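> Okay, predicted coordinates and the sequence, questions at the end:
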Amino acid sequence: MSNIKRAGRLALAYDVLLQGIKACPLEILSSNLLEVLDPHYKTNLLYRLKDTEASSRLEKLLNLGGELSQLVKDNLELQMRPEVQVLVRFIKEQTVYDDERKVWLAKENKELLNPFNPPLIQKRRIEKRRARVALES
């Protein structure tokens, strides 16, 4: 994956996580999640980045997102918030859970779709299926 795609995926993961965290009450958040609210966190995460660190930082954000999705799993009110629904869907689409190490791992070469626009995502998936069927016919 190119550096631009990695950086874009990292920025998207940060934005989705931040919105999910802001939608939750501060009392339920762990210290790791509260750290994301720090104004300097984004600067350190996205802009002070070496090429070799992009994957590990992405996995850190995905694990924080997985942690947050587990925190809200039992709270129906929080689950219904659109920001949390976007986060949960993003985690499901972009990660695989490793039971041995108990971590969320980024799927490789995953196409970046706008997590804030579910109808557009469905439309693109249907178009791809139709194209595949047309090629197979």
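Cool, the structure landed.
> which residues touch whichever strand or helix holds Val84?
Val84 is part of helix 82-94, with elements assigned from DSSP states H and E. With CB atoms under 8 Å, 6 or more residues apart in numbering as the test, helix 82-94 has contacts from 9, 12-13, 16-17, 19-20, 22-24, 62, 65-66, 68-69, 72, 78-79, 104, 106-107, 110, 113, 115-116, 118. Glycine gets a C-beta too; all of them are placed from N, C-alpha and C.
> Out of the residues you listed, which sit inside strands?
104, 106 (DSSP state E).
> For the helix holding Val84, list every residue counted as buried.
In terms of neighbour count (16 or more other CB atoms under 10 Å), helix 82-94 has its buried residues at 83-91, 94.
> what angle separates the lowest-mean-pLDDT helix or strand in the chain from helix 82-94?
Of all helical and strand segments in the chain, the minimum by mean pLDDT, DSSP states H and E falls on helix 118-136, at a mean of 73. Angle, helix 118-136 to helix 82-94, by axes from the mean of the first three to the mean of the last three CA atoms, to 10 degrees: 20 degrees.
> Now do the contacts for the residue lying closest to Leu68 once chain neighbours are set aside.
Distance criterion CB to CB, 6 or more residues apart in numbering; nearest residue to Leu68, sequence neighbours excluded, is Gly20 at 5.5 Å. Residues near Gly20 by CB under 8 Å, 6+ apart: 65, 68-69, 83-84, 86-87.
> How about Leu26?
Leu34.
> Equivalent analysis for Tyr41, please.
Tyr41 touches Glu35, counting by CB under 8 Å, 6+ apart.
> Now name the helix or strand holding it.
Tyr41 belongs to helix 39-42, assigned by DSSP H and E.
> quick one: that helix to chain centroid distance?
Here helix 39-42 is found 18 Å from its chain centre; the criterion is CA atoms, centre = their mean, to the nearest Å.
> Stretch 85-97 too?
On CA atoms, centre = their mean, the centre of stretch 85-97 falls 6 Å from that of its chain.
> No further questions, thank you.
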